[in-house]
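>>> test case, fold it:
(one chain, ligands or ions: 1)
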Amino acid sequence: MRRTNRRRVPGRTAERDPLFGRGLRFAHDAPSGTGAGSLATLRELPAIVGTALRLGRRADPAALAAVVTSQLVLGVAAAATYLTTQRLLTGLFSAAPADAKVRALVPVAAVMAGAMAARGLCEAVAIAASGRLGPRIARLAQLTLLERAVRVEQAVMEDADFHDRLGTARQGAAATSRATQSAVGLCGGLVSILAALWVLLALNPLLAPLLVVALAPRAWSVARTAGARHASTKRWMQLTRQIDLLGQLMTSHEAAEEVRAHRVGGFLLAHYRRLATVSTREQARLAREEALTRALAGALSGLAALGVYGVLVLLVVDGRTTFAVAGTAAFAIRSGLASLTSFVMQFQQLYQDGLLIVEWREVCARAEEAAVPARGTPLASPVETISTRGLRFSYPGARTPALDGVDLDIRRGEVVALIGANGSGKSTLAKLLAGLYLPSSGSVRWNGVATGDLDRATLWDRIALVSQDFVQWPFTARMNVVAGRADRDADEPRLAHAARSSGADAVVDRLDDGWDTLLAREFFGGTDLSGGQWQRLGLARAWYRGAPVLIVDEPTSALDPAAEIDAFRRITESAARGTTVILITHRLASVARADRIHVLEAGRIVEEGTHATLMAAGGRYAAMYRLQAEQFLVDR
Ligand SMILES: Nc1ncnc2c1ncn2[C@@H]1O[C@H](COP(=O)(O)OP(=O)(O)OP(=O)(O)O)[C@@H](O)[C@H]1O
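Next up, the predicted model:
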């Protein structure tokens with residue numbers, strides 16, 4: 001059999017990565033127009049500079065005005081320098097007597113010195129103002145992105161593509177500060193080049209195209225290189241994230257136990273090396289491409305310089321221009337090329353940062369589009385009913401729906417239990433009831449209004465949620481509970497009550513600094529809790545929130561038996577006071593007292609009733625209940 005010698009590159013269409021399966025693929029195809037050609041690259045520049053300017057105007061208009069003004073004055077001063085040089089040369093080569101020459105040239109030299117001083121001053125102003133402007137722009141950009149990210153619909157937030165772009169956009173927001181410096185440098189360079197061009201036009205219109213010819217090859221090479229780098233960054237974004245992820249896993253304390261006990265360290269290192277090799281290969285490919293572009297641009301620049309100086313000599317020989325004008329032109333072209341060197345460096349940096357900034361802008365716009373609407377019908381009080389009709393929901397990209405035609409009615413003060421095997425759709429249903437996802441079809445209605453039409457802020461105000469993977473905030477114990485009503489100041493009596501109701505008081509009593517103990521081992525002075533202790537804090541957060549609808553998904557999975565019984569007693573008592581409880585659990589003993597039990601299977605409700613009716617029916621619930629009960633029977 002003939003073996004092909006093609007190199008295996010993870011990410012190519014048909015291949016599956018051993019660690020990430022199909023998850024390791026190109027997140028984006030190389031965007032058309034980006035990196036494909038230098039003209040397309042140049043077309044992006046005004047959008048980049050426009051975005052930077054708009055951000056600057058919002059962040060610090062005074063600093064922006066100072067930067068722009070200093071750049072304009074710099075240009076005028078540069079032009080004045082070129083023109084006075086020409087005057088100086090003309091004066092020097094004139095046939096006038098020496099003392100007349102000196103008298104004529106002193107004012108010219110004074111103007112030249114003034115122009116140079118103005119340039120120095122403007123550069124100082126530009127440095128100070130852009131130093132102030134840069135960090136403000138970066139903060140504004142980060143805040144704008146984060147403000148929008150926290151409002152995005154949950155389903156969009158979980159979308160891998162959006163998540164990828166969010167990563168690039170965060171880099172873009174951080175890059176705005178550096179981009180401001182580059183934009184200032186770029187403007188300075190551009191203004192100096194324009195000044196040189198303007199002077200050449202004034203000296204002899206034939207000279208101006210010479211500068212353009214001299215500049216063209218390097219401008220092309222920069223645009224092409226920057227475009228290629230950006231296209232590569234975008235294309236390999238998922239690979240970069242996955243390499244970072246492996247690095248984090250090897251150093252995180254969550255994975256530390258298994259990394260050691262299961263000896264996963266060597267395995268992760270091997271895959272890290274494998275993926276990093278792909279990344280290194282890509283860097284080498286880019287470097288080769290860049291070197292070729294530079295070599296070609298260098299050769300073209302040499303030819304262009306030969307042509308430019310050749311034309312200058314011809315103009316002088318032909319008598320179409322004087323020595324003084326040709327000398328000034330040579331000086332302006334040389335200065336223009338020097339300005340171009342700084343321009344090129346700034347351009348390269350700005351372009352790379354700028355494309356990230358454009359991504360930031362697009363992601364901000366996408367996040368705004370995908371935001372949970374701020375308007376809608378306010379949810380009326382009290383919450384009398386929550387109901388679903390023909391509710392179907394599929395996760396993006398999933399072939400089978402997670403919920404497939406669910407009809408459910410929940411009334412105020414009821415305890416409704418959702419039970420079923422793993423993956424039957426209980427948590428998904430809870431998230432749809434909570435308005436975190438919107439139905440693919442069918443409806444979820446609160447007091448008769450569909451969740452999509454509701455002002456969901458008013459809905460979330462009425463919910464306390466203890467999800468299966470509730471957040472263990474890396475803050476103090478107090479913040480972990482009062483985060484339940486983060487929009488209000490901490491209320492100590494309420495905190496004490498929530499702690500008593502959940503058993504969190506016993507946890508906090510044992511902490512060195514009580515409520516002020518930092519629950520994050522990764523920070524100095526921080527500590528960690530056991531799974532059950534965390535769960536008590538999670539429950540305390542829900543009690544502290546004190547909402548009329550309580551959604552609890554496996555709230556007691558890590559609690560000891562006494563704490564578990566106590567937790568369910570509190571939940572039932574709160575329902576007696578009018579709280580509506582939606583309870584998801586595999587502990588069937590705890591659901592026996594629920595007003596209504598719904599059994600889910602493959603996204604459908606297959607049985608419903610009270611414990612008594614379901615036991616009498618002898619169906620799935622009864623079978624599951626007996627199975628659990630049998631575990632407690634011991635041989636006598
Ligand atoms: N974020 C997600 N993206 C894609 N599919 C998901 C997501 N969350 C759940 N699913 C899928 O939806 C189906 C229902 O999952 P769900 O978490 O609702 O089940 P569950 O009944 O709560 O299970 P468990 O008892 O294990 O908690 C499963 O097939 C699961 O793989």
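>>> can you give me the strands in this structure?
Ranges of strands in the chain, per DSSP state E, are 385-393, 403-411, 415-420, 441-446, 449-450, 463-466, 549-553, 580-584, 596-601, 604-609.
>>> could those strands go into JSON lines alongside mean pLDDT and mean neighbour count?
C-beta: built from backbone N, CA, C; applies to glycine. Formatted as JSON lines, these follow (pLDDT from 0 to 100; neighbours: other CB atoms under 10 Å):
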{"stretch": "strand 385-393", "mean pLDDT": "97", "mean neighbour count": "19"}
{"stretch": "strand 403-411", "mean pLDDT": "96", "mean neighbour count": "19"}
{"stretch": "strand 415-420", "mean pLDDT": "95", "mean neighbour count": "24"}
{"stretch": "strand 441-446", "mean pLDDT": "97", "mean neighbour count": "19"}
{"stretch": "strand 449-450", "mean pLDDT": "96", "mean neighbour count": "18"}
{"stretch": "strand 463-466", "mean pLDDT": "92", "mean neighbour count": "23"}
{"stretch": "strand 549-553", "mean pLDDT": "94", "mean neighbour count": "22"}
{"stretch": "strand 580-584", "mean pLDDT": "95", "mean neighbour count": "25"}
{"stretch": "strand 596-601", "mean pLDDT": "96", "mean neighbour count": "21"}
{"stretch": "strand 604-609", "mean pLDDT": "96", "mean neighbour count": "17"}
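>>> let me have the ones you listed in a markdown table, extended by distance to residue 284.
Formatted as a markdown table, these follow (distance: least, CB to CB, whole Å):
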| stretch | distance to residue 284 |
| --- | --- |
| strand 385-393 | 46 |
| strand 403-411 | 49 |
| strand 415-420 | 53 |
| strand 441-446 | 50 |
| strand 449-450 | 55 |
| strand 463-466 | 49 |
| strand 549-553 | 49 |
| strand 580-584 | 52 |
| strand 596-601 | 53 |
| strand 604-609 | 54 |
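>>> would you turn those into JSON lines with distance to the ligand?
Output for those, formatted as JSON lines (distance: least, CB to the nearest ligand atom, whole Å):
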{"stretch": "strand 385-393", "distance to the ligand": "9"}
{"stretch": "strand 403-411", "distance to the ligand": "8"}
{"stretch": "strand 415-420", "distance to the ligand": "6"}
{"stretch": "strand 441-446", "distance to the ligand": "15"}
{"stretch": "strand 449-450", "distance to the ligand": "21"}
{"stretch": "strand 463-466", "distance to the ligand": "13"}
{"stretch": "strand 549-553", "distance to the ligand": "7"}
{"stretch": "strand 580-584", "distance to the ligand": "7"}
{"stretch": "strand 596-601", "distance to the ligand": "6"}
{"stretch": "strand 604-609", "distance to the ligand": "12"}
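>>> what is the burial count for the closest residue to residue 90 other than its chain neighbours?
Sequence neighbours aside, residue 324 is the residue nearest to residue 90 in space, at 4.1 Å (criterion: CB to CB, 6 or more residues apart in numbering). Neighbourhood size, residue 324 [other CB atoms under 10 Å]: 19.
>>> again with residue 100
11.
>>> pull the number of nearby residues for residue 480.
With other CB under 10 Å as criterion, residue 480 counts 26.
>>> list the contacts of stretch 205-218.
193, 196-197, 200-201, 296-298, 300-301, 304-305, 307-308, 311-312, 315, 320-321, 329, 332-333, 336-337, 340, 344 (CB atoms under 8 Å, 6 or more residues apart in numbering).
>>> ok, now stretch 304-321?
203-204, 206-207, 210-211, 213-214, 216-217, 322-323, 326, 329-330, 333.
>>> any of those buried? List them.
Burial by neighbour count, 16 or more other CB atoms under 10 Å: within the contacts of stretch 304-321 this picks out 203, 204, 207, 210, 211, 213, 214, 217, 322, 326, 329, 333.
>>> and the nearest residue to the second one once chain neighbours are set aside, its phi and psi?
Right, the one you point to is residue 204. Leaving out its chain neighbours, the residue that sits closest to residue 204 by CB to CB, 6+ apart is residue 321, at 5.4 Å. The phi/psi pair for residue 321 (degrees, to the nearest 10) reads phi -150, psi 160.
>>> what of residue 394?
phi -120, psi 140.
>>> and it, what does it touch?
By CB under 8 Å, 6+ apart, the contact list for residue 394 reads 400, 401, 402, 440.
>>> from residue 493, how far out is it?
Distance, residue 394 to residue 493, using CB to CB, to the nearest Å: 45 Å.
>>> near the ligand, which residues of the stretch 451-600 of the chain?
With CB under 6 Å from any ligand atom as the criterion, the stretch 451-600 of the chain meets the ligand at residues residue 468.
>>> all helices of the stretch 451-600 of the chain, in order?
Counting by DSSP state H, counting those that start in this stretch, the stretch 451-600 of the chain has these helices, from start to end: 456-460, 477-482, 492-502, 504-509, 531-545, 561-576, 588-591.
>>> likewise for the stretch 51-200 of the chain?
61-93, 98-149, 154-157, 160-203.
>>> state the distance from the residue nearest the centre of the chain to residue 237.
With distances taken as CA atoms, centre = their mean, the residue of the chain nearest its centroid is residue 166 (2.9 Å). Distance of residue 166 to residue 237, computed by CB to CB: 11 Å.
>>> with residue 414 instead?
Separation of residue 414 from residue 237 (CB to CB): 47 Å.
>>> repeat that for residue 507.
Counting by CB to CB, the separation of residue 507 from residue 237 is 41 Å.
>>> with residue 349 instead?
From residue 349 to residue 237 the distance is 20 Å (CB to CB).
>>> likewise for residue 328?
50 Å.
>>> neighbour count: the two, which is higher?
residue 328 (26 against 18).
>>> and the gap between the residue lying closest to that one once chain neighbours are set aside and the ligand?
Excluding the flanking residues, the one nearest residue 328 by CB to CB, 6+ apart is residue 86, at 3.8 Å. For residue 86, the distance to the ligand equals 71 Å [CB to the nearest ligand atom, to the nearest Å].
>>> do residue 320 as well
75 Å.
>>> any idea how many residues pack against that residue?
12.
>>> okay, it and residue 313: tell me how far apart.
From residue 320 to residue 313 the distance is 11 Å (CB to CB).
>>> now residue 207
Residue 207 is 13 Å from residue 313, by CB to CB.
>>> need the pLDDT of the spatially most distant residue from the centre of the chain.
Taking CA atoms, centre = their mean as the measure, the residue most remote from the mean C-alpha position of the chain is residue 97, 70.7 Å away. pLDDT for residue 97: 79.
>>> name all residues that make contact with it.
By CB under 8 Å, 6+ apart, residue 97 has no neighbours at all.
>>> just the endpoints, please. Distance across stretch 197-216?
End-to-end distance for stretch 197-216: 14 Å, by CA to CA, to the nearest Å.
>>> and it, what's its mean pLDDT?
Mean per-residue pLDDT for stretch 197-216: 78.
>>> show me the contacts for residue 77.
115, 116, 118, 119, 122.
>>> residue contacts, the residue lying closest to the second one once chain neighbours are set aside?
In this structure, residue 116 finds its nearest non-sequential neighbour in residue 81, 6.7 Å apart by CB to CB, 6+ apart. For residue 81, the set of contacting residues under the criterion of CB under 8 Å, 6+ apart consists of 112, 115, 116, 119.
>>> would a markdown table of those residues with distance to the ligand, pLDDT and neighbour count be doable?
Putting the contacts of residue 81 into a markdown table (distance: CB to the nearest ligand atom, whole Å; pLDDT from 0 to 100; neighbours: other CB atoms under 10 Å) gives the following:
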| residue | distance to the ligand | pLDDT | neighbour count |
| --- | --- | --- | --- |
| 112 | 69 | 86 | 19 |
| 115 | 64 | 86 | 18 |
| 116 | 64 | 87 | 15 |
| 119 | 59 | 85 | 21 |
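>>> what residues go with each domain of this structure?
Structural domains assigned to the chain are 39-369, 375-462+548-636, 471-546, following automatic domain parsing.
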